[in-house]
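Q: the sequence isn't on hand, but the structure is:
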């Protein structure tokens, strides 16, 4: 779809005007040096201010429905103004060789391209889709390379993109969750997730954006660092805000399995088997 749009950018906004003096009947006014209306045999109409027989400022109407209006150069090519294709696509701004260079283009579908164009293709600016807006730098296929995508829902993707997909940067969701780091297929694989409640998850994530290895900084001040299964603590160290810590296995967010509890001075308090945070079997020291 985007490839088609990119091709249309060059075609729809380029109403070619030959750089030769138009041949036709001057139906009113002065079509040589002054205000006038000139109509050619193919029904093309030139209306406005003429200089040396060439339209300088005004409008050109094609029989197929194309038209452009504004200021024209010495070759009667639009340099500033507006062009509308027979399909209804509209370009407004500054033109180079009759192609939009700076301004906006609106398609009949409702898509709006605004910014700087090269060869009729948007390279810096924004594309307004029905559900979102892409802003930043674009490649030759009008796909976002660096910038941000803002959805109507409030979600924002910001950073570096490949083929229009975020690969490094930040997701900000409408509920306040923030994901920052490296993404694969729009999913965080290495980085940081900050939840709306302030909890922070940091490390390596699986394809479902669930932590595999890393740490969680809880809002209570406690920290867990280690390995995770299905996004849950599995094996590692739980650091308490008090200075104590527990090393071992976990399940359902609690100490379950072999583990060792240390006090603030790094002395072993308990070593053995735990069940739901309860010490059940000791191991001889």
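A: Yep, it's here. Since the model is a prediction, treat every value here as computed from it, not as a measurement. Numbers count the residues shown, from 1 in each chain.
Q: what ranges does the stretch 1-150 of the chain have for its helices?
A: 2-12 (DSSP state H, counting those that start in this stretch).
Q: where does pLDDT dip in it?
A: Within the stretch 1-150 of the chain, the stretches with pLDDT under 70 are 1-20.
Q: give me the distance between the two termini of stretch 81-94.
A: 7 Å (CA to CA, to the nearest Å).
Q: again but with stretch 249-257, I slipped
A: 5 Å.
Q: list the buried ones in it?
A: 249, 250, 255, 256 (16 or more other CB atoms under 10 Å). Heads up, the C-betas are built off the backbone N, CA and C, glycines and all.
Q: tell me the secondary structure at the second one.
A: When the structure is split into helix, strand and coil by DSSP: H, G, I helix; E, B strand; the rest coil, residue 250 lands in strand.
Q: residues contacting it?
A: 224, 232, 233, 234, 235, 236, 238, 256, 257 (CB atoms under 8 Å, 6 or more residues apart in numbering).
Q: is the closest residue to the third one other than its chain neighbours bridged to anything, and to what?
A: By that I understand residue 233. What sits nearest to residue 233 in space, not counting adjacent residues and going by CB to CB, 6 or more residues apart in numbering, is residue 250, at 4.0 Å. For residue 250, the beta-bridge partners are residue 255 (DSSP bridges).
Q: look up how far residue 271 lies from residue 250.
A: As defined by CB to CB, to the nearest Å, residue 250 lies at a distance of 16 Å from residue 271.
Q: can the contacts of residue 250 go into TSV with extra columns for distance to residue 161?
A: Below are those laid out as TSV (distance: CB to CB, whole Å):
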residue	distance to residue 161
224	33
232	32
233	34
234	34
235	36
236	34
238	38
256	42
257	43
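Q: ok, the residue nearest to residue 233 to residue 261 distance?
A: 13 Å.
Q: ok, residue 152 next?
A: On the measure of CB to CB, residue 152 and residue 261 end up 50 Å apart.
Q: same check on residue 104?
A: 65 Å.
Q: and residue 179, by the same measure?
A: Residue 179 is 33 Å from residue 261, by CB to CB.
Q: show me where pLDDT drops low in the stretch 151-285 of the chain?
A: 283-285.
Q: for it, which segments count as strands?
A: With DSSP state E, counting those that start in this stretch as the criterion, the stretch 151-285 of the chain has strands at 156-162, 165-172, 178-184, 187-194, 200-205, 211-217, 223-229, 232-239, 245-251, 254-262, 268-275, 278-282.
Q: hang on, residue 179 packs against residue 169?
A: No: checked against CB atoms under 8 Å, the pair residue 179 and residue 169 is beyond contact range at 9.3 Å.
Q: give me the number of residues near residue 211?
A: Taking other CB atoms under 10 Å as the criterion, the count of residues near residue 211 is 25.
Q: typo on my end, residue 163
A: 11.
Q: I'd like to know how far residue 174 sits from residue 149.
A: For residue 174, the distance to residue 149 - CB to CB - is 14 Å.
Q: compare the two (neighbour count), which wins?
A: For residue 174 versus residue 149, neighbours defined as other CB under 10 Å are more numerous around residue 149 (23 against 11).
Q: what's the nearest residue to the more buried one if we skip its chain neighbours?
A: residue 157 (4.4 Å).
Q: pull the contacting residues for the one you found.
A: Counted by CB under 8 Å, 6+ apart, residue 157 has contacts 148, 149, 166, 169, 170, 171, 186.
Q: distance to residue 29 for the strands of the stretch 151-285 of the chain - can I get that in CSV?
A: As requested, the strands of the stretch 151-285 of the chain are exported to CSV (distance: least, CB to CB, whole Å):
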stretch, distance to residue 29
strand 156-162, 53
strand 165-172, 56
strand 178-184, 62
strand 187-194, 65
strand 200-205, 71
strand 211-217, 76
strand 223-229, 80
strand 232-239, 82
strand 245-251, 88
strand 254-262, 90
strand 268-275, 96
strand 278-282, 98
